[in-house]
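>>> model this:
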Amino acid sequence: MKESNNSSNKIIDSIIIGSFVFFTIIFLLLSWFLIQRNNNNFLDKYNKYFGQVGLNYDNQVSLEVKNDFKDVFHNVDHFFENVSFSVSSTDFDCSNSINALGDEEFYGWYLVDNSNNIVCESSVPNDVINLRQFDENFFLKVDQNFLISKVFSLEIEAGNAKNVNVFKIYKSYFDDKKNKQATVVLLVDLDTFILTHLKDNSLWFGSEFFVLDSKGDIFWTVDKDLIGKNIEDDYVKKVYVGFGDALNILQKARIGKIGFQTYEFRGDTYITSYTKSQILPDYYWGILVNTPAKYIQSDVFANYTQGSNTFFYFVAFLLIVFLLSLYFVFRKNIFLHFQINETKKEMIEETKKFKITEVKLNKTVEELELLNSNMVNRELKMIELKEEIKKIKGNK
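Numbering: from 1, shown residues only. Got it, this is the predicted structure:
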């Protein structure tokens, strides 16, 4: 009897424990889901905030780049004001302007006549190979505005640098009859230009600039192999294969859109802002600030998530302690309840046994009383018989 009761008690205990464990797990999972959703909402707001901050910074850089180019264009115009041309357009005197275009981001400059001959130059390295690359295409144009070439690589045989990325700024001089007299070519060191005008120590750690021109040619990026390529080239598409958001952002920058976007690229989340820097009436740069989200999120977001997780673990600990305490109290109550029931059952059994014993005892008493009565009657009868025998003997 007790073994069956113990087995039923174990089953009930198992059901109670299972229920506690099940509902505790459900509650903790639900709490964790809500915390993660709250963290994701905070992360989205956080990314948007820093995306807007990056865009504001990007817009400022864009304005500064535009002003820097204006300064360069102003210096070029000043250069032409000081260059003397002969009537025959065959003799040039650049002595008064020899230092007018000097700047640390320039390798130098040279002046070319209509026959594509260099007539003046300053600080142009003698060991530059393919220096005149792209010149023919620009000299054929009669545009009176400034023109900017694609980025290309120069091989510097002397010195420490090799395969230096440069681009050229062209400006032609026209006489009053709109006849082209000469063209000045600025040879710009792209790396120095970027470091001077775009790079900033106030940027977040890990941030990099990405510069496109209005034709989709990549002017600058950390990946040197991409510089000079067009975003429509197969090589670029191969690099970004499977990353449609990254290509989509490049397309937005190419067509001069302004904004920011969070996207996944090669297993990491990036926040990229893009803006337009109008350098010439028909030519602009799309300037992008590309930042891995893990760097700008690392401190604030880590502290926020750590606080959320700590609170979750604390609540989970208290919940488990409470449930365990409740379980042991409940289990003790159940145990006492079962003990009382067992005691009641034992008392009932003992009472039944007592009743049966009482009935048997009463029956035995009755039997003994009957036997005693019979024995008394027998003794009395014997006495009567003895008395009669005595009387009969006396009469004789």
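>>> from here on, contacts and neighbour counts on C-alpha atoms
Will do.
>>> Is it correct that residue 324 falls within a strand?
No: in this structure, residue 324 is helix, not part of a strand, as judged by DSSP: H, G, I helix; E, B strand; the rest coil.
>>> That one and residue 19, how far apart?
For residue 324, the distance to residue 19 equals 12 Å [CA to CA, to the nearest Å].
>>> Tell me which of these two has more neighbours.
Neighbour count, other CA atoms under 10 Å: between residue 324 and residue 19, residue 324 has more, with 15 against 12.
>>> I'd like the distance between that one and residue 338.
According to CA to CA, residue 324 and residue 338 sit 20 Å apart.
>>> Could you do residue 80 as well?
Separation of residue 80 from residue 338 (CA to CA): 109 Å.
>>> Who has more neighbours out of the two?
For residue 80 versus residue 338, the count of surrounding residues by other CA under 10 Å is larger for residue 80: 19 against 15.
>>> Give me the phi and psi for residue 166.
phi -140, psi 160 (degrees, to the nearest 10).
>>> all helices for the stretch 251-396 of the chain, in order.
Per DSSP state H, counting those that start in this stretch, the stretch 251-396 of the chain carries helices over the ranges 293-297, 300-395.
>>> Distance from the chain centre to the shortest one, please.
Looking back up the chat, that one is helix 293-297. A distance of 8 Å separates the centroid of the chain from that of helix 293-297, by CA atoms, centre = their mean, to the nearest Å.
>>> That helix packs against which elements?
Using 3 or more CA pairs under 8 Å, 6 or more residues apart in numbering; DSSP states H and E as the contact test, the elements touching helix 293-297 are helix 2-82, strand 268-280.
>>> weakest of those in terms of mean pLDDT?
When these are ranked by mean pLDDT, helix 2-82 comes last with a mean of 75.
>>> the inter-axis angle of that helix versus helix 300-395?
Using axes from the mean of the first three to the mean of the last three CA atoms, to 10 degrees, the inter-axis angle of helix 2-82 relative to helix 300-395 is 180 degrees.
>>> Work out which residue lies at the spatial centre of this protein.
Among the residues of the chain, the one closest to the centroid is residue 269, at 5.2 Å (CA atoms, centre = their mean).
>>> In contact with that one, which residues?
262-263, 292-294 (CA atoms under 8 Å, 6 or more residues apart in numbering).
>>> Repeat that for residue 145.
Contacts for residue 145 were tallied using CA under 8 Å, 6+ apart; they are 171-172.
>>> What is the three-state secondary structure of it?
Under three-state DSSP, residue 145 comes out as coil.
>>> State the phi and psi torsions of it.
Residue 145 adopts backbone torsions of phi -90, psi 180, taken as degrees, to the nearest 10.
>>> go on, the one 5 residues further on?
As for residue 150, its main-chain torsions (degrees, to the nearest 10) stand at phi -70, psi 170.
>>> what's around it, how many residues?
Using other CA under 10 Å, residue 150 has 18 neighbouring residues.
>>> now swap in residue 244 and tell me
Using other CA under 10 Å, residue 244 is surrounded by 14 other residues.
>>> how near is it to residue 74?
Residue 244 is 41 Å from residue 74, by CA to CA.
>>> so where do the helices sit in the stretch 51-200 of the chain?
Taking DSSP H, counting those that start in this stretch as the criterion, the stretch 51-200 of the chain carries its helices at 135-139, 190-197.
>>> So for residue 282, which of the ones you listed sits nearest?
Among these, the nearest to residue 282 by CA to CA is helix 135-139 (15.3 Å).
>>> picking that back up, now for the helices of the stretch 51-200 of the chain, which one comes closest to residue 205?
Here helix 190-197 is closest among those (CA to CA), at 15.4 Å.
>>> Give the other helices and strands that the closest one contacts.
Applying 3+ CA pairs under 8 Å, 6+ apart, we find helix 190-197 packed against helix 2-82, strand 164-174.
>>> redo that, cut-off 7 Å
The contact analysis (3 or more CA pairs under 7 Å, 6 or more residues apart in numbering; DSSP states H and E) places helix 190-197 against strand 164-174.
>>> In the stretch 201-350 of the chain, where is pLDDT below threshold?
Low-confidence segments of the stretch 201-350 of the chain (pLDDT under 70): 201-204, 297-309, 311.
>>> can you do 50?
Along the stretch 201-350 of the chain, no part satisfies pLDDT under 50.
>>> picking that back up, out of the helices and strands packed on helix 293-297, deepest packed?
Comparing the helices and strands packed on helix 293-297 by mean neighbour count (mean count of other CA atoms under 10 Å), strand 268-280 ranks first with a mean of 22.
>>> ok, what's across the strand from the residue nearest to residue 150 when sequence neighbours are not counted?
Closest residue to residue 150 apart from its sequence neighbours, by CA to CA, 6 or more residues apart in numbering: residue 167 at 6.0 Å. Under DSSP bridges, the beta-bridge partners of residue 167 are residue 188.
>>> Save the helices of the stretch 251-396 of the chain as JSON lines, and put in distance to residue 257 too.
Listed next are the helices of the stretch 251-396 of the chain as JSON lines, based on distance: least, CA to CA, whole Å:
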{"stretch": "helix 293-297", "distance to residue 257": "22"}
{"stretch": "helix 300-395", "distance to residue 257": "29"}
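>>> wait, which of those helices is closest to residue 213?
helix 293-297 (25.7 Å).
>>> contact partners of the closest one?
The contact list for helix 293-297, computed with CA atoms under 7 Å, 6 or more residues apart in numbering, reads 204-206, 269-271.
>>> Looking at those, which one is closest to residue 394?
Checking the contacts of helix 293-297 against residue 394 by CA to CA gives residue 269 as the nearest, at 142.7 Å.
>>> looking at it, residue 285 is touching residue 258, isn't it?
No: assessed by CA atoms under 7 Å, residue 285 is found out of contact with residue 258, at 11.6 Å.
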